[in-house]
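Peer 1: Sharing a sequence plus its predicted fold:
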Amino acid sequence: MTKKTAAPKGEGKTLRLTLLKSVHGQLKMHRDNLRGLGLRRRHHTVELPATPAVLGMVRESGWMMKVEEV
């Protein structure tokens, strides 16, 4: 297992994600993406680093959430 180190201040972007639409009735792929991003319910907000994995999940399910760059 590798050690995770915090990025130096000023490096890397952070995204603030807020879930706006309910996951009920959505495709399983979208529900899984939102769960993977840590969004649990409507109006729940999380801040995540802008990694390729996170950006890919946001691209697929981004229409259900508000995305802000911090």
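Peer 2: Okay, I see it. Numbering: from 1, shown residues only.
Peer 1: how about the closest residue to M64 other than its chain neighbours, secondary structure?
Peer 2: Here the nearest residue to M64 in space, its sequence neighbours aside, is K21; by C-beta to C-beta, 6 or more residues apart in numbering that works out to 4.2 Å. (Glycine included, C-beta is placed from N, CA and C.) Of the three states, K21 takes coil under DSSP: H, G, I helix; E, B strand; the rest coil.
Peer 1: so where do the strands sit in the protein?
Peer 2: Remark: strands assigned in the chain by DSSP state E are 14-19, 45-49, 65-69.
Peer 1: What's the local residue count around M65?
Peer 2: Summarising burial for M65: neighbours were counted as other C-beta atoms under 10 Å, giving 22.
Peer 1: Look up how far G12 lies from L34.
Peer 2: In this view, L34 and G12 are 22 Å apart by C-beta to C-beta, to the nearest Å.
Peer 1: neighbour-wise, which of these two wins?
Peer 2: Between L34 and G12, counting by other C-beta under 10 Å, L34 is the more crowded of the two (22 against 11).
Peer 1: Might one say that that one is in contact with V23?
Peer 2: Yes: counting by C-beta atoms under 8 Å, L34 touches V23, with 5.8 Å between them.
Peer 1: any residues in contact with both of those two?
Peer 2: Residues within reach of L34 and of V23 at once, by C-beta atoms under 8 Å, 6 or more residues apart in numbering, are M64.
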